[in-house]
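Got a predicted model here, sequence first, then my questions.
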Amino acid sequence: MLLAFEHIDYTYPGSPQPAVQNLTLRLPAGKRCVLLGHNGCGKTTLFLLANGLYKPQRGVIRWQGAPLQYDRASLMALRQHVGLVFQDPEQQLVASSVEEDISYGLCNLGLPDAEVNRKVSEAIAHFNLSELASRPVHHLSLGQKKRVSLADVMVLQPKLLLLDEPTAYLDRLHTRDLMAKLHQIQAAGTTIALSTHDLDLAYCWADWIFVLNEGQLVLEGTPQDVFAQRETLEQIHLGVPLVFDVLDKVADALSKDSQTTEESARHGLPETLRQRILDSFRAG
Ligand SMILES: Nc1ncnc2c1ncn2[C@@H]1O[C@H](COP(=O)(O)OP(=O)(O)OP(=O)(O)O)[C@@H](O)[C@H]1O
């Protein structure tokens, strides 16, 4: 277990409602985790608590079993292991050029210049940023800024990578590229947790899903198990991925179709076929 939240409450100063309430959640090591939930359900707050930017009013957050400490040195150490990519890259990017921005965290660690330069060059190559390396950050597109933000965090080689709505504002092609890159990062040993509202993306990519509603954990499990809980998901107005809806409609149509064989009329869509179709939507 990498990161554990135990009975966490967090209320923003002056706010009448807690943003996170009695939240107990464990991020399993080595997984592709997704936090799913509506706007305002507490996803960003959870991430800000996870890397110590906020301190809970109640409960304990543990990193590899040890409770978080909030002194400067402990937070610096924590943030080396827990990298957070903000939803809005403007909150992440601090320097004037891409190269400088990627070197910022490494310089803060006090690494020798030669090592900083080597790591920055590797990150630039790895994240396909060569053409942008010397460009001013404020000249980049939003998608490019998001790529730089990810490089900023990954250059520190975190054990846990948190991404707050990483696909927001990305087109289909760039979403696919990003998810493939995240797959590689996880395969190389980094645990990933990302937040999204996108049910289809969660189904295709995650191997563990947490569903949040009004600051509380309502469901967790494999995508198959979570999306089998249609009733609970409908109750919180989240619903299920499109492929589940389509398959249910096909099954419904088949069972009503007088032309179908007796077998399919009785069973709608055969379970093995339904499962094969669902599986084919998941990342390999
Ligand atoms: N700085 C703040 N001050 C007061 N309340 C806040 C602040 N930031 C967030 N909140 C409130 O806390 C709750 C949880 O917000 P949070 O940003 O964590 O949700 P979210 O799930 O990340 O939402 P979104 O999907 O829209 O990004 C919301 O009710 C929000 O209005």
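Thanks, I have the structure now. Residues are numbered from 1 along each chain as shown.

Describe which strands the helix or strand residue 5 falls within pairs with in its sheet and in which direction.
For residue 5, the host element (DSSP states H and E) is strand 3-10. Counting by DSSP bridges, the strands paired with strand 3-10 are strand 20-27 (antiparallel), strand 58-63 (antiparallel).

Save those strands as TSV, and put in mean neighbour count, mean pLDDT and distance to residue 274 too.
No exception for glycine: its C-beta is placed from N, CA and C like everyone else's. As requested, the strands paired with strand 3-10 are arranged in TSV below (neighbours: other CB atoms under 10 Å; pLDDT from 0 to 100; distance: least, CB to CB, whole Å):
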stretch	mean neighbour count	mean pLDDT	distance to residue 274
strand 20-27	20	97	30
strand 58-63	17	98	40
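
Make JSON lines out of those strands and add distance to residue 36.
Shown next, in JSON lines, are the strands paired with strand 3-10 (distance: least, CB to CB, whole Å):
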{"stretch": "strand 20-27", "distance to residue 36": "12"}
{"stretch": "strand 58-63", "distance to residue 36": "20"}
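
Nearest to residue 241 among those would be which one?
For the strands paired with strand 3-10, the distance to residue 241 is smallest for strand 20-27, at 21.8 Å, taking CB to CB.

who touches the helix or strand just after that closest one?
Following strand 20-27 in sequence order, the next helix or strand is strand 32-36 (DSSP H and E). Identification of contacts with strand 32-36 by CB atoms under 8 Å, 6 or more residues apart in numbering yields 27, 43, 46, 182-183, 186, 191-197, 199, 201-202, 205-212, 226, 238.

And the residue positioned nearest the centre of the chain, how far from the ligand?
Centroid-nearest residue in the chain, with CA atoms, centre = their mean: residue 194, separated by 0.4 Å. Separation of residue 194 from the ligand (CB to the nearest ligand atom, to the nearest Å): 12 Å.

which one is that residue nearest to, not counting chain neighbours?
residue 163 (4.1 Å; CB to CB, 6 or more residues apart in numbering).
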